[in-house]
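>>> predicted model and sequence follow; I will ask about them next.
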Amino acid sequence: MTRSRRNDAKTQALKDRGSLHPRPDKVSDELFVREEFFDPRDLVQVKYEMLRRVRVDRQPIQNAARAFGLSRPTFYQAQTAYERAGLVGLLPAKRGPRRAHKLSEPVMAFVRQELASDLSLQAPELARRVKQRFGFAVHPRSIQRALARGQKKTE
């Protein structure tokens, strides 16, 4: 496999995991410039080395953050995450809600009841009825997904 293909695959893998450095061209640290092992695209590696520069090499935080293409607030966030969880703390966390938090069992019971009384109801109308009954908006596509998940469980 050629190096460029390997790099393309790695770039895609980093992107898929949320650990692709948004500005790898801003990384000017000497190790990342001269050593092939150090990859400025790898945000986890960049953050770790930035933390090491400050802690071990006693580099000022502002200088280290700039050399790694990151901000001081990002340094402090990485430092806190690393102190709390070690290297794993530098891995990106999954974004967004962990589950369909609005579509609780009582809400879905209501949706199923409405569907049972009128099979022709579409998701936008169900979303409107949920808002009217429970007082919060739910996207029609969320209702469709929740119903599909429910069907998979019963099959």
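That came through, no problem.
>>> what distance do you get for V111 to L119?
Per C-beta to C-beta, to the nearest Å, V111 is found 13 Å from L119. All C-beta atoms are positioned from the backbone trio N, CA, C, and that covers glycine.
>>> Three-state assignment for K102, please.
coil (DSSP: H, G, I helix; E, B strand; the rest coil).
>>> the closest residue to it other than its chain neighbours: what's it in contact with?
Closest residue to K102 apart from its sequence neighbours, by C-beta to C-beta, 6 or more residues apart in numbering: V138 at 5.3 Å. Residues near V138 by C-beta atoms under 8 Å, 6 or more residues apart in numbering: K102, L103, V107, A127, V130, K131.
>>> could you pull up phi and psi at the first one?
In terms of degrees, to the nearest 10, the main-chain angles of K102 are phi -80, psi -30.
>>> surely it touches H139?
No: between K102 and H139 there is no contact under C-beta atoms under 8 Å: 9.0 Å.
>>> between these two, which one's more packed in?
K102 (16 against 12; other C-beta atoms under 10 Å).
>>> next, the contact list for that one, please.
Contacts of K102 (C-beta under 8 Å, 6+ apart): F136, V138, S142.
>>> kindly state the pLDDT recorded for the nearest residue to Q45 once chain neighbours are set aside?
Distances taken as C-beta to C-beta, 6+ apart place D39 nearest to Q45, at 6.0 Å, with adjacent residues excluded. Looking at D39, its pLDDT is 96.
>>> Provide the secondary structure category for D39.
From three-state DSSP, the assignment for D39 is coil.
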